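any chance you can model this:
(chains A, B, C, D, E, F, G, H, I, J, K, L, M and N)
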14 protein chains.
Amino acid sequence: MDSIALIGMVSIIMAGFTTSIGCMFPAIGQGKAVSAALESIAQQPDAAPTVTRTLFVGLAMIESTAIYCFVVSMILIFANPFWNHFISN
Amino acid sequence: MDSIALIGMVSIIMAGFTTSIGCMFPAIGQGKAVSAALESIAQQPDAAPTVTRTLFVGLAMIESTAIYCFVVSMILIFANPFWNHFISN
Amino acid sequence: MDSIALIGMVSIIMAGFTTSIGCMFPAIGQGKAVSAALESIAQQPDAAPTVTRTLFVGLAMIESTAIYCFVVSMILIFANPFWNHFISN
Amino acid sequence: MDSIALIGMVSIIMAGFTTSIGCMFPAIGQGKAVSAALESIAQQPDAAPTVTRTLFVGLAMIESTAIYCFVVSMILIFANPFWNHFISN
Amino acid sequence: MDSIALIGMVSIIMAGFTTSIGCMFPAIGQGKAVSAALESIAQQPDAAPTVTRTLFVGLAMIESTAIYCFVVSMILIFANPFWNHFISN
Amino acid sequence: MDSIALIGMVSIIMAGFTTSIGCMFPAIGQGKAVSAALESIAQQPDAAPTVTRTLFVGLAMIESTAIYCFVVSMILIFANPFWNHFISN
Amino acid sequence: MDSIALIGMVSIIMAGFTTSIGCMFPAIGQGKAVSAALESIAQQPDAAPTVTRTLFVGLAMIESTAIYCFVVSMILIFANPFWNHFISN
Amino acid sequence: MDSIALIGMVSIIMAGFTTSIGCMFPAIGQGKAVSAALESIAQQPDAAPTVTRTLFVGLAMIESTAIYCFVVSMILIFANPFWNHFISN
Amino acid sequence: MDSIALIGMVSIIMAGFTTSIGCMFPAIGQGKAVSAALESIAQQPDAAPTVTRTLFVGLAMIESTAIYCFVVSMILIFANPFWNHFISN
Amino acid sequence: MDSIALIGMVSIIMAGFTTSIGCMFPAIGQGKAVSAALESIAQQPDAAPTVTRTLFVGLAMIESTAIYCFVVSMILIFANPFWNHFISN
Amino acid sequence: MDSIALIGMVSIIMAGFTTSIGCMFPAIGQGKAVSAALESIAQQPDAAPTVTRTLFVGLAMIESTAIYCFVVSMILIFANPFWNHFISN
Amino acid sequence: MDSIALIGMVSIIMAGFTTSIGCMFPAIGQGKAVSAALESIAQQPDAAPTVTRTLFVGLAMIESTAIYCFVVSMILIFANPFWNHFISN
Amino acid sequence: MDSIALIGMVSIIMAGFTTSIGCMFPAIGQGKAVSAALESIAQQPDAAPTVTRTLFVGLAMIESTAIYCFVVSMILIFANPFWNHFISN
Amino acid sequence: MDSIALIGMVSIIMAGFTTSIGCMFPAIGQGKAVSAALESIAQQPDAAPTVTRTLFVGLAMIESTAIYCFVVSMILIFANPFWNHFISN
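Numbers count the residues shown, from 1 in each chain, chains lettered A, B, ... in the order given. This next block holds a predicted model:
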């Protein structure tokens, strides 16, 4: 079992791990935010535009943490400096 | 146990792991959002169109985190650069 | 213990794991959604058609995450590219 | 310990694991849905037919995730392609 | 430690595991459903027949997931195809 | 360490495990059901007979899941086909 | 380390494990039931006899699951068929 | 490391484990019951004798599960049949 | 590493484990009971003597489970029959 | 690695473990009791002396479980009979 | 397996771990904050500008903890002093 | 790896473990107590002196459990009898 | 695997671990504080300046615990005395 | 792998562990306290000075537990007596 196989294995493992674990809680947070938005609209229909606008900003902020994870995962698969170091040797 | 078998095994494991773990919480988040939508419609039937529209945007945002995981999983099965590196050697 | 047996074992393990873990939370999410739908109908019987329609869309969205897992599981059993690679060698 | 015994062992383990883990949460989800249905009937007896009908559709949807797991489990016991591959060799 | 002993051990382990784990949550779900039924009867005694009837259908649905597990467990003890394969060799 | 000792050990372990784990949640479920029954009687003393009758049916259903586990446990101790196979050899 | 010591060790471990784990949740369930009974008596003192009687039946049902575990534990210590098999050889 | 030391070690471990784990939840259950009793007395001081009497019966029932564990623990320390078997050999 | 050192180590480990784990939940239970007592006194100052008396009986019952653990722990340190067996040999 | 070093290591480990684990939940229990006391004083300022007195008795009871753990920990560090046995040999 | 491969593997593992674990709870915290903001707007539409401004400051504070993790992760991948030390040797 | 290094390592590990684990829950308990104090002051500003005084006594009691852990930790670092025994040999 | 590689690996692991674990709960705490601030503003818009000021002090206090972790993490990467000791030898 | 490297590794691990674990719950506790303070100010703006003063005392108490952990962590990195013992030998 040489070094390059190990680096490959570890990269695959962490790519999957990072995306799957990192996407769990943003989904919960977004569910909570959407849920509160819907209840707010039901309670105060006149405030719907303000609610919707604030909701979208919030969803984008929460989505950003999921995207950090996705970015790290893509880096590990397609632009991994450690892998490049080993296969270029 | 050679390198290629190891890379194959790890890819299979992470493909299943990523999808199964990454799909858990979006389902909860969507359940929460749908649940809030239904209660909002019951409470304020006149706001149903606004509620429904906001719900669909929210569901799409939450689904996106599940889809990130599914995409990573498909990449690991069908477009895995590490696997391609080893079987082309 | 040769490579092909290992790939077979890992495929069996992940097929079961993916389906069982991935189907857990959609069931909870659907239970929550159905539960909210029933309470909404009880509270506002006139809104039953809207509630029911929104419920079915939501259930389909939640079911989709379970189906992603089932699909990955079926791919691992019946269309596994790694297994095919090894048994064709 | 030869390959065929290993494949057999893993199949037994995953058949039990998939069914037992995969049936846990649908039971909770159904309990929640039934519970909400009963409270809805108590609160609004006139809506009982609508509630009951929606309940049954919901229970069927939730049961479907348990059935996916049961199906995978039966496939692993009685129609396992990996097992067939090894005993036909 | 030969193959047949291993298959036997694994079958015993999974038979117990499947039943014990798989029966946990149906018990909770049924407790929740029964609990809701009793509160519904107390709140609306006139709806007792409808409540009771819906309760029994629901309990049967929930019991079904426990029974799937019990069935898998019995198959592993008394009709295990892998065990039969090894003792017939 | 021969096969028969292993089968014996595993049977002892699973007999205890199955009963202890499988009896945990029915106890909670029954506690919940009894608790709801008592509150229902306090709230609506006239409905006591209906409540009590429904309670007993429910307790029997919940107890059944504990009994499945106890039965599996007794089978593993006193009517274990794998043990019989090995001691008859 | 011969077989008889192993069987003895495993029996001791499972005897303690079964009783300790199996007695945990009945205690919670009974606490819940007693707690509900006391609140019911406080709320409706006239229903005290009915409440008390129902409580005792419920406590007995819950205690039964703890007793199953205690019985299995005593069987493993004092009437263990596997231990008897080995010391009679 | 001979058999008798192993049996001794395992007995010590399980004696401590059984008592410590088995006494955890009865304490919670009793805390819950006492707590409900005090609130009931505060709410309905006239029912104090009935509440207190029911409380003591309930506490005794809950204490019984802790005592089962303590009994098993004492048996393992002072009347352990497996230990006696080995030291009498 | 001889037997006597092992017995000593295991006794130290279980003495600490039993006390620390076994004292956790009684503290919670007592906190709950004291908390309910204080709220009851605030709600019904006239019932303070009855509340206090019932509280002390309850605290004693809960403390008893912690004392069982402390007793087992002291037995393991200062009156351990297994240790005595080995150092007297 | 001789016996005396092992006994020393185990004593250090358990001294820290016992105090840290055993002090966790009393802190929670006391926090709960103090919290209830403060709310009771706010609700019924006239009952402050009775509340305070009952609070201090309760805190002492809860502190006692933390002190059991601290005592065991000090015994293990400064009056450990097993350590004394080994260093006196 | 030489040192440089190990450092590479550990860097990959921690880069993924840090981002995925560190992004979980900020997402929850932001979901909570956004949710409270939407409910506040619904309750007091006139305070929307103050609410929104405070929300954005709060989201930035929470996001900062996620960014600390992302920064550490990027340092480990692209500016790792330990990796540089080893590849420059 | 000689005994003195092991004793040193274990002392370092337990010093950190004891402080970090033992300081977790007192922080929660104090947070709860402070939180209740603030709500009590808001509800009954006239009782502020009594509330504050009771709060400080309570915080001191809770802090005491954290200090036990800190004391054990300092003993293990700076006055460790086992370490002194080994370095004086 | 020499000492310097080990020290490097451990430093990388702990740098990531400290930041990721240590930033989890401050994010929750800040989310809770921001959430309470927004609800307070909605409930009492006139108190917004006081609320905002108190909020910022609180956020700074909570952020401080995250910063302790980030500081330790940076020390481990860029000013690690153990690493310096080894590379200067 | 000599003793000094081990002591170094363990010190690094515990420095990170102590700070990260020990800072988790104080952040929650402070979040709770700040949250209660803000709600109290919103409910009773006139009591703001008293609330703020009590809050700061409380935050300092809670911060103290985080600081204990930070202190232990700094001792382990910069004033570690075990490390000094080994490098001075």
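
name the residues that touch stretch A:59-71?
Contact partners of stretch A:59-71, identified using C-beta atoms under 8 Å, 6 or more residues apart in numbering or on different chains, comprise A:18-19, A:21-23, A:25-27, A:29-30, A:33-34, B:58, B:61, B:64-65, B:68, B:72, K:19-20, K:23, K:26-27, K:30-31, K:34, K:59, K:63, K:66, K:70. C-beta coordinates here come from the backbone N, C-alpha and C atoms, glycine included.

which residues of chain A score low on pLDDT?
Applying pLDDT under 70 to chain A flags the ranges A:1.

which single helix of it contains the most residues?
helix A:48-78 (DSSP state H).

which parts of that helix are buried?
Buried residues in helix A:48-78, counted by 16 or more other C-beta atoms under 10 Å in any protein chain shown: A:48, A:50-52, A:54-56, A:58-59, A:61-77.

now the element after that helix, going C-ward?
Sequence order places helix A:81-88 as the next helix or strand after helix A:48-78, per DSSP states H and E.

angle of the helix or strand harbouring A:Ala37 against helix M:24-43?
Per DSSP H and E, A:Ala37 falls inside helix A:24-43. Between helix A:24-43 and helix M:24-43, the angle comes out at 10 degrees (axes from the mean of the first three to the mean of the last three C-alpha atoms, to 10 degrees).

and the longest helix of chain A, how far out from the chain middle?
The chain centroid and the centroid of helix A:48-78 are separated by 7 Å under C-alpha atoms, centre = their mean, to the nearest Å.

got it, and stretch A:37-47?
The chain centre lies 28 Å from the centre of stretch A:37-47; the measure is C-alpha atoms, centre = their mean.

is it positioned near chain C?
No - contact of stretch A:37-47 with chain C (C-beta under 8 Å from any C-beta of the partner chain) is absent, the minimum separation being 10.7 Å.

for that stretch, which positions count as buried?
A:37-45, A:47.

please apply the same query to stretch A:3-20.
For stretch A:3-20, the neighbour count (16+ other C-beta under 10 Å) marks A:3-20 as buried.

filter those residues by proximity to chain K?
A:3, A:6-7, A:10-11, A:13-15, A:17-19.

what subset of these is also close to chain B?
When contact is defined as C-beta under 8 Å from any C-beta, those meet chain B at A:11, A:13, A:15, A:17, A:19.

redo those as TSV? Include secondary structure and distance to H:Asn89.
Putting these into TSV (DSSP: H, G, I helix; E, B strand; the rest coil; distance: C-beta to C-beta, whole Å) gives the following:
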residue	secondary structure	distance to H:Asn89
A:Ser11	helix	58
A:Ile13	helix	51
A:Ala15	helix	58
A:Phe17	helix	53
A:Thr19	helix	60
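
from those residues, pick the one nearest N:Asn89.
A:Ile13 (41.1 Å; C-beta to C-beta).

correct me, but the closest one touches B:Val10?
Yes - counting by C-beta atoms under 8 Å, A:Ile13 sits close enough to B:Val10 to count as a contact (6.1 Å).

with just CA atoms, put the helix holding A:Ala37 into PDB.
Only the C-alpha atoms of helix A:24-43 are listed here, as PDB (Å, rounded to 0.1, in the frame of the first residue of the first chain):
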ATOM      1  CA  MET A  24     -26.900  18.300   7.500                       C
ATOM      2  CA  PHE A  25     -27.400  21.300   9.700                       C
ATOM      3  CA  PRO A  26     -27.800  24.000   7.100                       C
ATOM      4  CA  ALA A  27     -30.800  22.000   6.000                       C
ATOM      5  CA  ILE A  28     -32.200  22.100   9.500                       C
ATOM      6  CA  GLY A  29     -31.500  25.800   9.800                       C
ATOM      7  CA  GLN A  30     -33.200  26.600   6.500                       C
ATOM      8  CA  GLY A  31     -36.100  24.500   7.500                       C
ATOM      9  CA  LYS A  32     -36.500  26.500  10.700                       C
ATOM     10  CA  ALA A  33     -36.200  29.800   8.800                       C
ATOM     11  CA  VAL A  34     -38.700  28.800   6.100                       C
ATOM     12  CA  SER A  35     -41.000  27.500   8.800                       C
ATOM     13  CA  ALA A  36     -40.900  30.800  10.700                       C
ATOM     14  CA  ALA A  37     -41.400  32.800   7.500                       C
ATOM     15  CA  LEU A  38     -44.500  30.900   6.600                       C
ATOM     16  CA  GLU A  39     -46.000  31.300  10.100                       C
ATOM     17  CA  SER A  40     -45.100  35.000   9.900                       C
ATOM     18  CA  ILE A  41     -46.900  35.400   6.600                       C
ATOM     19  CA  ALA A  42     -49.900  33.600   8.000                       C
ATOM     20  CA  GLN A  43     -49.900  35.900  11.100                       C
END
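
okay, angle between that helix and helix B:48-78 too, please.
Using the same axes, to 10 degrees: helix A:24-43 against helix B:48-78 is 170 degrees.

who are the packing partners of helix A:24-43?
If you count contacts as 3 or more C-beta pairs under 8 Å, 6 or more residues apart in numbering or on different chains; DSSP states H and E, helix A:24-43 packs onto helix A:48-78, helix B:24-43, helix B:48-78, helix K:24-43.

can we see that at 10 Å?
Secondary-structure packing of helix A:24-43 (3 or more C-beta pairs under 10 Å, 6 or more residues apart in numbering or on different chains; DSSP states H and E): helix A:48-78, helix B:3-22, helix B:24-43, helix B:48-78, helix K:3-22, helix K:24-43.

tell me if the fifth one is near chain L.
No - figure legend: helix K:3-22 not in contact with chain L (C-beta under 10 Å from any C-beta of the partner chain); closest approach 17.4 Å.

need the residue closest to the centroid of chain A.
A:Ala66 (1.6 Å; C-alpha atoms, centre = their mean).

now the nearest residue to A:Gln43 once chain neighbours are set aside: how far from E:Ser88?
Nearest residue to A:Gln43, sequence neighbours excluded (C-beta to C-beta, 6 or more residues apart in numbering or on different chains): K:Ala42, at 4.8 Å. Going from K:Ala42 to E:Ser88 by C-beta to C-beta, to the nearest Å gives 70 Å.

and for A:Arg53?
Applying C-beta to C-beta to A:Arg53 and E:Ser88 gives a distance of 71 Å.

now the buried residues of stretch A:37-47 in CSV, please, with extra columns for distance to A:Phe82.
Listed next are those as CSV, based on distance: C-beta to C-beta, whole Å:
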residue, distance to A:Phe82
A:Ala37, 42
A:Leu38, 45
A:Glu39, 47
A:Ser40, 47
A:Ile41, 49
A:Ala42, 51
A:Gln43, 52
A:Gln44, 53
A:Pro45, 54
A:Ala47, 51
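
name the nearest of these relative to chain F.
A:Glu39 (28.1 Å; C-beta to the nearest C-beta).

isn't that closest one right up against K:Ala42?
Yes - in this structure, A:Glu39 is within contact of K:Ala42 by C-beta atoms under 10 Å, at 7.5 Å.
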